[in-house]
Each structure stands twice: as structure tokens, then as C-alpha cells.
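>>> generate a structure from the sequence data that follows.
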Amino acid sequence: MPDARFTDADPAPLALMAGDPEDLTVISTLAQDSVLPVTEISYDMRHRQLALLLNRFRWEDAASAQREERPYERVRSVLLISDVQRVQSDGIDRSDNDLILELLALRWQPGEDGTGQLMLEFAGDGTLVVHAECLNVELRDVTRPYIAPSRRAPGHADV
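Numbers count the residues shown, from 1 in each chain. Reported below is the predicted structural model:
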């Protein structure tokens with residue numbers, strides 16, 4: 001079976017921006033269960049941007065895939081955070097080039113005068129804390145969808 005194509009999909013590739021907590025909730029939901037090697041995290045201090053290249057589960061297509069009895073899909077997406085002042089890592093060994101991370105949620109903690117901290121929470125209690133001048137996040141699909149290697153939707157154990 002060939003890989004899926006955006007022309008087969010509805011909706012088209014995602015290109016979303018978040019400038020407030022409500023918009024961030026949408027991006028967090030769509031990025032949930034994305035996986036990435038730790039080597040696909042890049043912080044550009046000069047341009048004040050943090051970029052993550054995700055293998056994103058296509059939650060927006062999951063119900064259609066189930067209904068049509070076709071495989072679930074993933075897509076490569078860039079999560080770009082702008083206006084970054086600094087990045088801290090807790091529970092993530094950035095020197096372990098074999099480390100694979102699973103993104104669980106994005107959460108905004110507002111500070112003073114529009115500043116705040118964007119928390120990227122990963123499975124296994126790892127967190128990236130992004131200190132930012134303001135909430136400025138983009139999620140953009142950058143490849144065609146492909147069949148999810150597991151052919152299953154991510155599952156979560158009840159806690």
C-alpha cells in the first residue's frame with residue numbers, strides 16, 4: 001500500500017499559530033503523542049527560536065481513518081516557538097543522541113507584561129521550559145502524511 005497523500009486527506013496540511021492560551025490548547029491537542037529524537041530539537045539563540053521536528057500523529061484524521069478502516073497516519077511537522085529568551089531542560093538528557101521523546105502537552109504559564117513560560121511536557125517526566133517574551137507558537141506540517149508504523153492510534157493508560 002502506498003503512503004498517504006495530502007490530496008487524499010481532508011483537511012489539508014496544518015499551518016497553525018498560537019498567540020494566546022486558547023490557541024495553544026488546539027496546537028497541544030494536535031501535537032499530543034508526537035515523537036521525536038532529542039537530536040531534532042534546535043535552539044537558535046540569535047534568532048530567538050526553538051524548533052522541534054515532530055513525527056505527529058494526525059489526530060484530525062483519526063476518526064475518518066477508523067470509519068474508513070484504513071491505516072492511521074503520521075506526518076512530519078515543525079513546532080516553532082519564537083521570542084524565546086532561554087530554554088531549560090528537566091529530566092531530558094540532551095547528550096543522549098539515541099533518546100526518543102514523546103510529547104504529551106504544551107502548557108503556558110503567564111508571567112508579567114505578557115512574558116511567560118511555555119512548558120513542553122514529555123512522557124517519562126521530561127520537560128522543556130521555554131522562557132519567552134510572549135506566547136508565539138507555530139505548528140506546520142512539512143511532509144506528506146505516511147502510514148503510522150504501528151498502524152494504531154496512540155493509547156493512554158488510565159491513571
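>>> what helix or strand is L135 located in?
Mapping L135 onto the secondary structure by DSSP states H and E places it in no helix or strand at all.
>>> could you list every residue that touches it?
Contacts here follow Cβ atoms under 8 Å, 6 or more residues apart in numbering; on that basis L135 touches 18-21, 24, 108, 116, 118. The C-beta positions use only the backbone N, C-alpha and C, and glycine is treated the same way.
>>> for those, which one is nearest L101?
Sorting those by distance to L101 puts L118 at the head of the list, at 15.6 Å, by Cβ to Cβ.
>>> Produce a ChimeraX select command limited to the buried residues of the contacts of L135.
In ChimeraX, selecting the buried portion of the contacts of L135, with burial taken from 16 or more other Cβ atoms under 10 Å, looks like this:
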select :18,24,108,116,118
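>>> turn the contacts of L135 into JSON lines, columns for distance to N55.
Formatted as JSON lines, the entries for these read as follows, by distance: Cβ to Cβ, whole Å:
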{"residue": "A18", "distance to N55": "20"}
{"residue": "G19", "distance to N55": "26"}
{"residue": "D20", "distance to N55": "27"}
{"residue": "P21", "distance to N55": "26"}
{"residue": "L24", "distance to N55": "21"}
{"residue": "W108", "distance to N55": "24"}
{"residue": "G116", "distance to N55": "27"}
{"residue": "L118", "distance to N55": "21"}
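>>> same list, the contacts of L135, but as CSV with distance to V75 and pLDDT please.
Formatted as CSV, the entries for those read as follows, by distance: Cβ to Cβ, whole Å; pLDDT from 0 to 100:
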residue, distance to V75, pLDDT
A18, 18, 97
G19, 23, 95
D20, 25, 96
P21, 25, 96
L24, 20, 98
W108, 24, 98
G116, 28, 97
L118, 22, 98
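>>> no further questions, thank you.
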